[in-house]
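S.K.: how would this look folded up:
(2 chains)
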Protein chains: 2
Amino acid sequence: VLFLGTGAREPSVERGVAAELVIRGGERILVDCGEGTQRQMLLSTVGIGGLSTILLTHLHADHVLGLPGLLATFSDTREKPLLIAGPAGARSLIDGFRTHFGDLHFDLDVREVVSGEVIGRDGYRLLALPARHDGAALGWELAEDQRPGHLDPIRAARHGVREGPALARLSEGQDVRVNGHLVASASVVGPPQPGRRVVFSGDTRPTDLLARAAGGADLLVHEATFLSRDRDKARATGHTTAAEAAQAAAAAGVRALALTHRSRRYSTEEVLAEARQYFPEAFAPEDFDVVEIPLPEHGCPRLVSGPRAPDRGSG
Amino acid sequence: VLFLGTGAREPSVERGVAAELVIRGGERILVDCGEGTQRQMLLSTVGIGGLSTILLTHLHADHVLGLPGLLATFSDTREKPLLIAGPAGARSLIDGFRTHFGDLHFDLDVREVVSGEVIGRDGYRLLALPARHDGAALGWELAEDQRPGHLDPIRAARHGVREGPALARLSEGQDVRVNGHLVASASVVGPPQPGRRVVFSGDTRPTDLLARAAGGADLLVHEATFLSRDRDKARATGHTTAAEAAQAAAAAGVRALALTHRSRRYSTEEVLAEARQYFPEAFAPEDFDVVEIPLPEHGCPRLVSGPRAPDRGSG
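M.R.: The predicted structure follows:
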């Protein structure tokens, strides 16, 4: 997960506005698209290619104003279909932007969903989660399909299966007949392995339902607009404090927590210190940082600095 | 004139999209407002304060998509009135953005103008100029008021005027009576001094009328989307080559030319080399560069690097 904009409300010198890019193999899924996201993608060196899907958590300006410019760029050259999924109002939002981008030469599928809806994709699924914010708001879960269990070659050999095609069929879940007796796939292949799961809270007050839905996820990306000393502001504006986000992560038993949508009134250190009181595996990524999520058996998610193209005049 | 975005069509790693900021004392006038302009203003260290006026040359995406985010930011705290002036369609453009910014607590005056219209301001005036581009398009001239001529103290003394109040009245253009005889202001005060003039072409094919209107300006900021080798593209898309912009500057007899809205297919050096064949005082500013325009009697406009706040992860 590449963090393209970790700021709340409006851009600052330090931070762009909301956008996270999920990079899975050659495919990219963008969660929210604040003003300047297109250029942040270019500056991240990831570029704007490979984008298959844009998920919107809600339709506030700081989460959507990068869309018309991105679609204007796509109107020149893009041919692959693009899915944009968001809460009620997403369609009229995109229609309102149409005057700013020309004719599209690709299939743009804009879907309005409610929490609980599932969108199946090749190798993973998208699940809309409930959020509590001003108006229609969603969280999003990206869950990879289960992977087949591991075939145990020693057990297979004990059943007399040694050659390639039969082993391949067994590992794909098919039973095979060897020397007249049946070898059940389940007898040589372990249980299916879970895929990776990432949950995005969107802008929200903490909710039990979201925390429950996030249960056991590899990474929870949660907004943390405020610190506890401003908890009244968080409550009044439909946002979450770093402590509340960390408590949600602890309740959900996720493997790691990344705090984003941070107000520029706080330092990264302050936000982290508050969160880690409740959940030690909390990260507070800066723009262009990446949280890498290995397969569960290969270790814990970790925060790394992403590559960054130098833009003119920055040196 | 601070160049916030010198790129054409879409943002790139190197360049933001169209926006120039005229800084005159404590006042700032923005010419065009592409996506990301707000953040470019923050990164330039000039900030978004002091902005009194936004002039739009036309309503294409790369010139206007920074407006909703900027107005959303202003909706929080701004109290001073803001003028937005642009070609036909500017009002419905802003109305279309209203869903993205909340209630404004300041007076937003959106004016649609045609070329030839003048908007008087305190100490200067704005003149809409004709441009030839797709749809309604304008150039803009910013012309400072004339400054009063210099009072010659020696000639005043010859007329017997030495003391302060009478000198002040003479320099303000009033005649005074000294020792019974009339001293005419014109006899001791030189002719009015011209103010500074900057002309922005907007996106346009070269036009005689624009060049004539720009006659003698201190600075002509002209688009140079293409080089001569792509002059067919320039003609087909309603744009100008670096050579054509330089020829216009030479014909207009301006003091300096700044080339902007440059395609990323060319290097700055190529653009400059082509332009300087026709007009030696050509600049090709990068984002965050400034062309300073001294009062005419204090020398020629010059290109300097503006200050630049380091944004996160750039170093």
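S.K.: what does the stretch 151-300 of chain A have sitting close to chain B?
M.R.: With CB under 8 Å from any CB of the partner chain as the criterion, the stretch 151-300 of chain A meets chain B at residues A:286, A:287, A:288, A:289. Every C-beta, even on glycine, is put in place using the N, C-alpha and C of the backbone.
S.K.: Hmm, the last one is touching residue A:302, no?
M.R.: What that stands for is residue A:289. No - contact criterion CB atoms under 8 Å: residue A:289 and residue A:302 do not qualify, at 10.7 Å.
S.K.: more crowded one of these two?
M.R.: Comparing residue A:289 with residue A:302 by other CB atoms under 10 Å in any protein chain shown, the one with more neighbours is residue A:289, at 22 against 13.
S.K.: need the contact list for the more buried one.
M.R.: Contacts for residue A:289 (CB atoms under 8 Å, 6 or more residues apart in numbering or on different chains) come out as A:2, A:3, A:283, A:303, A:304, A:305, A:306, B:313.
S.K.: burial measure for the closest residue to residue A:225 other than its chain neighbours, as a count.
M.R.: Closest residue to residue A:225 apart from its sequence neighbours, by CB to CB, 6 or more residues apart in numbering or on different chains: residue A:239 at 3.8 Å. By other CB under 10 Å, 26 other residues sit near residue A:239.
S.K.: One more: residue A:303?
M.R.: Residue A:303 has 17 nearby residues by other CB under 10 Å.
S.K.: what's the answer for residue A:35, then?
M.R.: Using other CB under 10 Å, residue A:35 has 35 other residues around it.
S.K.: gap between the two ends of stretch A:65-83?
M.R.: Stretch A:65-83 has an end-to-end distance of 17 Å (criterion: CA to CA, to the nearest Å).
S.K.: mean confidence score for it?
M.R.: Averaging pLDDT along stretch A:65-83 yields 95.
S.K.: Distance of residue A:136 relative to residue B:174?
M.R.: Noted for residue A:136: a distance of 67 Å to residue B:174, by CB to CB, to the nearest Å.
S.K.: swap in residue A:275?
M.R.: Distance check for residue A:275 against residue B:174: by CB to CB, it reads 70 Å.
S.K.: who's more crowded, those two?
M.R.: In this view residue A:275 and residue B:174 are compared by other CB under 10 Å, and residue A:275 has more residues nearby, 27 against 12.
S.K.: Can you classify the more buried one as helix, strand or coil?
M.R.: Assigned with DSSP: H, G, I helix; E, B strand; the rest coil, residue A:275 falls in the helix class.
S.K.: show me the contacts for it.
M.R.: Residue A:275 makes contact with A:224, A:242, A:243, A:245, A:246, A:257, A:259, A:282, A:284 under the criterion CB under 8 Å, 6+ apart.
S.K.: Most widely separated two among the residues you listed?
M.R.: Spanning the widest gap among those are A:243 and A:284, at 13.2 Å by CB to CB.
S.K.: Compare the two (neighbour count), which wins?
M.R.: For residue A:243 versus residue A:284, neighbours defined as other CB under 10 Å are more numerous around residue A:284 (26 against 21).
S.K.: just checking, the more buried one touches residue A:257?
M.R.: No - applying CB under 8 Å as the test, residue A:284 and residue A:257 come out as separate, 9.4 Å apart.
S.K.: Okay, helices next: where are they in chain A?
M.R.: A:37-43, A:61-64, A:67-77, A:90-97, A:153-158, A:164-171, A:185-188, A:208-213, A:231-237, A:242-252, A:268-276 (DSSP state H).
S.K.: give me the number of residues near residue A:237?
M.R.: With other CB under 10 Å as criterion, residue A:237 counts 16.
S.K.: And the residue of the stretch 151-300 of chain A closest to chain B?
M.R.: Nearest to chain B, among the residues of the stretch 151-300 of chain A, is residue A:288, at 4.4 Å (CB to the nearest CB).
S.K.: How many neighbouring residues does residue A:265 have?
M.R.: By other CB under 10 Å, 12 other residues sit near residue A:265.
S.K.: pLDDT value on it, please?
M.R.: Looking at residue A:265, its pLDDT is 95.
S.K.: Please apply the same query to residue A:312.
M.R.: pLDDT, residue A:312: 49.
S.K.: now swap in residue A:181 and tell me
M.R.: 87.
S.K.: Was I right to think residue A:63 contacts residue A:56?
M.R.: Yes - counting by CB under 8 Å, residue A:63 touches residue A:56, with 6.5 Å between them.
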